[in-house]
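Q: dropping a prediction and its sequence here:
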Amino acid sequence: MCTAYSSDCPPASSALHGGPAAPPAAVAAPVVSLREVSVVRRGRCILAVESFEAQSGEFVVVVGPNGAGKSTLLGVMNGFVRPAFFRPAFFRPGSGGPGNGRAEVLGCDMRSFGGWRVRKRVALVAQMVDVDARLPISVLETVMVGGYGRLGLWRRPGKALRELALSHLERTGIAHLAHRPFGQCSGGERQRAAIARALTQEPDILLLDEPTSALDWHAQRGILALVADIHAERRHTARPLTTVMVTHDLNALYHGGEGEARRTVPDRVVCMAEGRVTWSGPVADALDAERLTALYGTPIDIIRHGPRPVVLF
Ligand SMILES: Nc1ncnc2c1ncn2[C@@H]1O[C@H](COP(=O)(O)OP(=O)(O)OP(=O)(O)O)[C@@H](O)[C@H]1O
């Protein structure tokens with residue numbers, strides 16, 4: 001069942017084949033609203049979130065130790081992981097029932113077929129995986145895959161999708177790699193291609209799961225600046241982008257680019273541990289030595305470099 005934007009979760013307007021006008025930015029409902037959501041795997045509760053919300057146009061960063069449930073949370077948001085619900089009073093994961101539990105993304109109830117519907121509008125840049133260099137698929141073809149969900153069952157990818165993909169290759173700075181086999185690209189180039197593919201999906205929500213892991217310093221800075229710029233470009237449009245990024249790089253919270261003008265300052269940081277959201281608040285408060293030491297279970301210090309806090313461990 002869909003509740004916020006319309007009765008059938010219509011796609012927002014698409015450069016690919018046009019479409020109904022996007023919902024106005026003034027829609028008050030959060031684009032992600034999770035309450036008493038749980039995920040159980042092999043009899044173990046790996047996610048038990050009492051409350052998580054993301055507003056339209058918000059930039060949220062999710063941090064926490066390995067196994068905290070961050071990727072699972074992203075999976076619930078893009079419909080790949082089907083949520084169950086728990087009642088906090090009894091804490092019976094997966095017990096379902098009316099309770100107060102709900103999982104809505106872009107106004108779609110993720111319990112029904114919402115996951116299938118929103119997947120077209122929620123793009124995920126997953127953790128980097130190794131790809132065989134002999135894989136016969138070019139960077140351009142990889143990026144075009146992002147538009148397939150919007151094409152529907154009977155339409156074949158055509159010129160419009162190709163041009164859209166090329167424009168996003170340009171935007172992410174790798175237009176010159178369009179015809180190179182994807183598997184022959186460097187880690188940083190592959191992450192740019194993954195972001196271009198996500199943009200070709202024309203998403204309302206962009207999810208990024210450790211987009212800078214395994215990249216060198218220069219590539220990390222480039223990816224973070226790109227993500228920040230893409231988010232900022234849509235901030236004051238009729239269709240602001242909601243960005244949710246998982247990262248282990250706490251210094252990425254504050255600085256994503258070169259120079260003050262390009263720094264990344266997300267709107268909010270969400271801390272997770274043992275499947276739960278343990279804290280949520282502004283970046284300045286998140287970068288607190290005591291809080292981070294407790295979260296990661298290892299001593300963490302914060303020093304200042306000019307106006308910028310730097311996390312040391
Ligand atoms: N399909 C599954 N079956 C069993 N356990 C799972 C499954 N998927 C995830 N888990 C477990 O759930 C926990 C949370 O996993 P998740 O990948 O969400 O954590 P994470 O915070 O993203 O971790 P990391 O920072 O290491 O990527 C982990 O202990 C993981 O082993």
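A: In hand now; what should we look at? Numbering: from 1, shown residues only.
Q: can you pull up the most central residue in the chain?
A: Leu207 (1.0 Å; Cα atoms, centre = their mean).
Q: SS state for that residue?
A: strand (DSSP: H, G, I helix; E, B strand; the rest coil).
Q: that one contacts Val244, correct?
A: Yes - contact criterion Cβ atoms under 8 Å: Leu207 and Val244 qualify, at 5.2 Å. In this view, the C-beta of every residue, glycine as well, is placed from N, C-alpha and C.
Q: need the residues touching each of the two.
A: Common neighbours of Leu207 and Val244, using Cβ atoms under 8 Å, 6 or more residues apart in numbering, are 74, 77.
Q: which residues touch Glu141?
A: Phe182.
Q: what is the rounded mean pLDDT of the helix or strand that it is a member of?
A: Assigned by DSSP states H and E, Glu141 belongs to helix 139-144. Helix 139-144 shows a mean pLDDT of 95.
Q: and stretch 203-215, by the same measure?
A: 92.
Q: spell out which parts of this protein neighbour the ligand.
A: By Cβ under 6 Å from any ligand atom, the residues of the chain that approach the ligand are 41-42, 46, 64, 66-72.
Q: that older thread, ok, the residue nearest to the centre of the chain to Phe52 distance?
A: Leu207 sits 13 Å away from Phe52, going by Cβ to Cβ, to the nearest Å.
Q: what of Val277?
A: For Val277, the distance to Phe52 - Cβ to Cβ - is 6 Å.
Q: and for those two, which residues touch both?
A: Val270.
Q: in the protein, which spans are strands?
A: Ranges of strands in the chain, per DSSP state E, are 32-41, 44-54, 59-63, 84-85, 102-105, 108-109, 122-125, 205-209, 242-246, 268-273, 276-281, 301-305, 308-312.
Q: tell me the most buried of those strands?
A: strand 242-246 (a mean of 26; mean count of other Cβ atoms under 10 Å).
Q: who are the packing partners of that one?
A: strand 59-63, helix 70-78, strand 205-209, helix 217-235 (3 or more Cβ pairs under 8 Å, 6 or more residues apart in numbering; DSSP states H and E).
Q: show me the contact partners of it.
A: With Cβ under 8 Å, 6+ apart as the test, strand 242-246 has contacts from 31-32, 54-63, 70-71, 74, 77, 204-211, 227, 230-231, 266.
Q: re the thing from before, make TSV out of the residues of the chain next to the ligand and add pLDDT.
A: Shown next, in TSV, are the residues of the chain next to the ligand (pLDDT from 0 to 100):
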residue	pLDDT
Arg41	91
Arg42	88
Ile46	94
Gly64	97
Asn66	96
Gly67	96
Ala68	97
Gly69	97
Lys70	97
Ser71	96
Thr72	96
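Q: picking up where we left off before, ok, which of the strands of the chain comes nearest Val131?
A: strand 122-125 (14.6 Å; Cβ to Cβ).
Q: hang on, the earlier thing: list the contacts of the residue nearest to the centre of the chain.
A: 74, 77-78, 122-125, 244-245.
Q: rewinding a little: select from the helices and strands packed on strand 242-246 the stretch with the lowest mean pLDDT.
A: When I compare those, helix 217-235 is least confident, with a mean of 89.
Q: re earlier: now list the buried members of the residues of the chain next to the ligand.
A: Among the residues of the chain next to the ligand, those classed as buried by 16 or more other Cβ atoms under 10 Å are 46, 64, 68-72.
Q: and of these, the nearest to Gly147?
A: Ser71 (24.6 Å).
Q: next, the contact list for the closest one, please.
A: So Ser71 contacts 127, 209, 246 (Cβ under 8 Å, 6+ apart).
Q: who's the last one bridged to?
A: Beta-bridge partners recorded for Val246 (DSSP bridges): Val62, Asp209.
Q: correct me if wrong: Leu206 contacts Glu233.
A: No - assessed by Cβ under 8 Å, Leu206 is found out of contact with Glu233, at 11.8 Å.
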